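Colleague: what follows is a protein structure lacking sequence information:
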């Protein structure tokens, strides 16, 4: 499906990023596994991907640091020659009520979750524009997937910085799609709901917590990272070539606001 394409996945040594990097490799892409902490885990992901007969390497870089992002892309172009797919996945939470949230907590989340996606999209776009469409590789000049969240539309008390960052990702994605579509570059987003990842372990780790969480999910199961990885893999393939500027919600129906199922 993605044979011959070159992909970069940020935050790819755990959770959704890990599953996505492996899925892209399984589909035939060469993959850069970005991480900021956890080199050993990143190298494990690289070994998994190489097992599919494709190339992969791990690259340490903080996506909120412009110099490090530029360096990461320079290394990718040196190793792989180009980039076809960017999955801007790296993200984090620093939760607090608004009256207790520090400006450091605010900036850290915005810098990684939003500015990091901007910096990576900017660098990928430079290469997409330079190279253009290579028909034997893909129908588009490049694909960007912005990892968003159901909280780009659902407010989340106690998580002001996170929700604001994901609301920003929505406009970042749509504006990039509008600007870059005429150049044959497809920009879309995937918005996970409740997924079993380290970032939200407390929400699903115990039977009691999971039961409470399932009240918010009409489909009555918590998602797995592979659910998101599958969506990303199809979205960046030529099967979805006419999909531009869209958010694909992978959430078991969470955005149906199940609290209103019985009339509110």
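Modeller: Perfect, thanks for sending it. Treat the numbers as computed from the prediction; the structure is a model and nothing was measured. Residues are numbered from 1 along each chain as shown.

Colleague: tally of neighbours for residue 107?
Modeller: 14 (other C-beta atoms under 10 Å). The way it works is simple: take the backbone N, C-alpha and C, and place the C-beta from them, glycine included.

Colleague: any idea how far residue 53 is from it?
Modeller: Distance, residue 107 to residue 53, by C-beta to C-beta, to the nearest Å: 42 Å.

Colleague: cool, and residue 144?
Modeller: From residue 144 to residue 53 the distance is 26 Å (C-beta to C-beta).

Colleague: from what I can see residue 84 touches residue 5, true?
Modeller: Yes: counting by C-beta atoms under 8 Å, residue 5 is a contact partner of residue 84 at 4.0 Å.

Colleague: can you list residues touching both of these two?
Modeller: Taking C-beta atoms under 8 Å, 6 or more residues apart in numbering as the contact criterion, the common neighbours of residue 84 and residue 5 are 29, 137, 138.

Colleague: which SS class is the last one?
Modeller: The one in question is residue 138. coil (DSSP: H, G, I helix; E, B strand; the rest coil).

Colleague: need the phi and psi values for it.
Modeller: phi -160, psi 160 (degrees, to the nearest 10).

Colleague: so, low pLDDT: which residues of the stretch 151-264 of the chain?
Modeller: Within the stretch 151-264 of the chain, the stretches with pLDDT under 70 are 200-205, 264.

Colleague: quick one: buried residues of the longest helix along the chain?
Modeller: The longest helix of the chain (DSSP state H) is helix 160-180. By 16 or more other C-beta atoms under 10 Å, the buried positions in helix 160-180 come out as 160-170, 172-174, 176-177, 180.
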